[in-house]
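K.L.:
dropping a prediction and its sequence here:
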There are 2 protein chains.
Amino acid sequence: MAHGKRREMPTREELRIWRNYIETAETLRAILDGRLQSDSSLSSADYRVLLALSEADRRTLRSSELAELIGWQRSRLSHHLGRMEKRRLVHRAPCPDDVHGIDVRLTDLGAESFRTGSVPHLRDVHELFVEALSPEQLARVDEFTTALRRHLDLKP
Amino acid sequence: MAHGKRREMPTREELRIWRNYIETAETLRAILDGRLQSDSSLSSADYRVLLALSEADRRTLRSSELAELIGWQRSRLSHHLGRMEKRRLVHRAPCPDDVHGIDVRLTDLGAESFRTGSVPHLRDVHELFVEALSPEQLARVDEFTTALRRHLDLKP
DNA sequence: GGTACAGGGTTGACACGTCAATCCCAATCA
DNA sequence: TGATTGGGATTGACGTGTCAACCCTGTACC
């Protein structure tokens, strides 16, 4: 159907769909972030860190493992851990095994905050995302998200 | 089919789909932002402002109209315009008609930057989003995005 | 004439992310 | 012994966004 292959422009309609898509995702994220914040005083960044740590063995991870796990750059993580440590959500200590390396441990307060935030957050995901869609639509979301991911991984 | 009505939890599978969905949208946005930045030294925030102004009559908008148009809070816009003005992309001047009120005008440099950035950006949208999906899939994206938006508008 | 209020913008403090530079300690090599 | 390299993490500068407080300048009220 199309003629040339590389570097085409989207049509007006395609652009509309794109803009709706990306704007909706961002709005959704913003709403969920806001609710998480008011429910439990956690940002979604906090949440990701707490989630990873609470699933980890002994609630502890090497800083670099944590970064890898959640896909953050080390500097971002370092800044964020600094802020979280001030709020007593996590604790950092030199790692006994490895001379370099820092162990990041979930504090009791951190674990408690995560528990507090987690349930309402998951319910919100259900309410705002799952409930909006029929099972068939949900399956299609999965389908095209997968297509998108495959496409992106091939062209990094 | 479902029994209780309020505040259910997502299943493991639903959660997986949600996480893929939101993460994919964010990754896509990040890639596009990065390309826009290297192609034309513009952030996506810059782009939205420039787009609105370049479509406006006389390349000029009242500050509050601009904020409304792109859905930003006034303070965010004010900060951002300050930064853009430093870079000579826009110019602010008291509005002659309205005693309060500031006219934001696109400078020649701003218009030029926008043109420079716009074409590759649109091609990127095509390459990374449109090309990833079949026409049917694209139609379904539109469909489910609409469903989501409807759902969100009803529960703000 | 003064006081209150309201619309339109700006400002300051702070949280967040990114990039590049740096630091620290160890292992290696000369 | 001393210089080099390398992994692991931190730091600083800077751009960005949010919230709340504030600053103007007309207008309404009395």
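P.N.:
Perfect, thanks for sending it. Quantities reported herein were computed from a predicted structural model and do not represent experimental measurements. Numbering: from 1, shown residues only, chains lettered A, B, ... in the order given.
K.L.:
so how many other residues sit close to A:Thr27?
P.N.:
16 (other C-beta atoms under 10 Å in any protein chain shown). In short, each C-beta sits where N, CA and C put it, glycine included.
K.L.:
quick one: secondary structure of the closest residue in space to it that isn't next to it in sequence?
P.N.:
Of all residues not flanking A:Thr27 in the chain, B:Leu152 sits nearest, at 6.5 Å (C-beta to C-beta, 6 or more residues apart in numbering or on different chains). Using DSSP: H, G, I helix; E, B strand; the rest coil as the criterion, the local structure at B:Leu152 reads helix.
K.L.:
what's around B:Leu152, how many residues?
P.N.:
16.
K.L.:
tally of neighbours for A:Ala111?
P.N.:
There are 15 residues near A:Ala111, going by other C-beta under 10 Å.
K.L.:
check contacts around it.
P.N.:
By C-beta atoms under 8 Å, 6 or more residues apart in numbering or on different chains, the contact list for A:Ala111 reads A:Leu50, A:Ser54, A:Arg59.
K.L.:
switch the cut-off to 6 Å
P.N.:
Taking C-beta atoms under 6 Å, 6 or more residues apart in numbering or on different chains, we find A:Ala111 in contact with no residue.
K.L.:
need phi/psi at the residue lying closest to A:Ser63 once chain neighbours are set aside.
P.N.:
Distances taken as C-beta to C-beta, 6+ apart place A:Ile102 nearest to A:Ser63, at 4.4 Å, with adjacent residues excluded. Dihedral pair for A:Ile102: phi -130, psi 140, per degrees, to the nearest 10.
K.L.:
can you pull the pLDDT of A:Ile102?
P.N.:
According to the prediction, A:Ile102 has pLDDT 95.
K.L.:
same deal with the one 10 residues further on?
P.N.:
Per-residue confidence (pLDDT) for A:Glu112: 96.
K.L.:
dump stretch A:111-131 to CSV, restricted to CA.
P.N.:
Output of stretch A:111-131 as CSV, limited to C-alpha atoms (Å, rounded to 0.1, in the frame of the first residue of the first chain):
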residue,chain,number,x,y,z
ALA,A,111,8.3,-1.6,54.7
GLU,A,112,5.4,-0.2,56.6
SER,A,113,5.0,2.7,54.1
PHE,A,114,5.1,0.3,51.3
ARG,A,115,2.4,-1.9,52.7
THR,A,116,0.3,1.1,53.4
GLY,A,117,0.6,2.5,49.9
SER,A,118,0.5,-0.7,48.0
VAL,A,119,-3.1,-1.9,48.5
PRO,A,120,-4.8,1.3,47.6
HIS,A,121,-2.4,1.8,44.7
LEU,A,122,-3.3,-1.6,43.2
ARG,A,123,-7.0,-0.9,43.7
ASP,A,124,-6.5,2.4,41.8
VAL,A,125,-4.9,0.6,39.0
HIS,A,126,-7.9,-1.7,38.9
GLU,A,127,-10.4,1.1,39.0
LEU,A,128,-8.7,3.5,36.5
PHE,A,129,-7.3,1.0,34.0
VAL,A,130,-8.7,-2.5,34.3
GLU,A,131,-12.3,-1.4,34.8
